[in-house]
Every structure is written in structure tokens, then in C-alpha cells.
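Q: No letters, just coordinates:
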């Protein structure tokens, strides 16, 4: 496991039949191959659930979507209680620098999903932005808000 800028959480892991380490994803309810990006994703999921009150039953991981006839997958999507997507989280491996391409990727997903918040993390650096549709910009926040704050502010 990598030293990340996230609290330590106990994560279930095992060695599969071909000797690869797998980590349990509580959202997909299955073991997946451990990669640096997957570790960031799983640790960030735990952070959102345990520290920020995000309900795991309103969260999806690796959700497929079509953009310009291309199949894409969002890392984490959080929904509000009405089933509307309100947060997209884009996860990168710790060695991947977050740059304008990373934000462009999240923005491309958001053109389809129209969420209220974008979060981008490589496990070391985290950015949380509220999407300001009226002024067509991203408002950067100092930290990820609690789910109750996000859900009460979501556009319905």
C-alpha cells in the first residue's frame, strides 16, 4: 500500500489464484485487482463514507456512460436521495500529476451527467469544486463538504 494523503482504513485484500493481490470493493461488492489507481479509489471511497457521510447505497463505481459514441467509465459517482448524480470523483494513481487534462476528463463526464460537484484526487492531492453553471466556472473549495451539505445544495 502506498503512503497517501488520506486516513488509513482497513481494506480487505487477498491473493488470487494467479498470485495477484485483489482488494474488496464494497460498492461493486467484489474483489478487484489492486493497482495504484484502485488503491486511491478504494481509500477515497472509505474517506467519503466514513469521514464525509456519503451513503454507500447512493454511490456507484466504474459507471459506464457514452460520450460521442465512446464508452467511458466514471471512477465514483454519488447520487442524491432522488437518484440524481451530484458528485463525480475522478481518481488517478499517486504518481500521476493532476493537470488540465484530468480536469478536462472530469468536465467531459460532467457534460453528460450535470453534477453539482467535481472531485479529483491522486490520493496525495485532492481538488473539490462546486460547478457554477450560471457563471460557467468551477469554484474551488478548501475541502470536500459533508454529504448532507452537498445533498441539501443539489439542484433538482
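A: Now that the structure is in, tell me what you want to look at. Model, not experiment: these values are computed from the prediction.
Q: Tell me the confidence at residue 99?
A: Residue 99 is assigned a predicted lDDT (pLDDT) of 92.
Q: what number of residues lie near it?
A: Look at residue 99: counted by other CB atoms under 10 Å, it has 10 neighbours. C-beta: built from backbone N, CA, C; applies to glycine.
Q: I'd like the distance from it to residue 41, if you could.
A: 19 Å (CB to CB, to the nearest Å).
Q: Would you mind listing where this structure has pLDDT under the threshold?
A: Residue ranges of the chain with pLDDT under 70: 1-2, 153-156.
Q: Now the residue nearest to the spatial centre of it: closest residue in space, sequence neighbours ignored.
A: What sits nearest the mean C-alpha location of the chain, by CA atoms, centre = their mean, is residue 89, with 2.7 Å. Of all residues not flanking residue 89 in the chain, residue 76 sits nearest, at 3.7 Å (CB to CB, 6 or more residues apart in numbering).
Q: quick one: the nearest residue to residue 132 once chain neighbours are set aside from residue 39, how far?
A: Nearest residue to residue 132, sequence neighbours excluded (CB to CB, 6+ apart): residue 139, at 5.2 Å. From residue 139 across to residue 39, the span is 29 Å (CB to CB).
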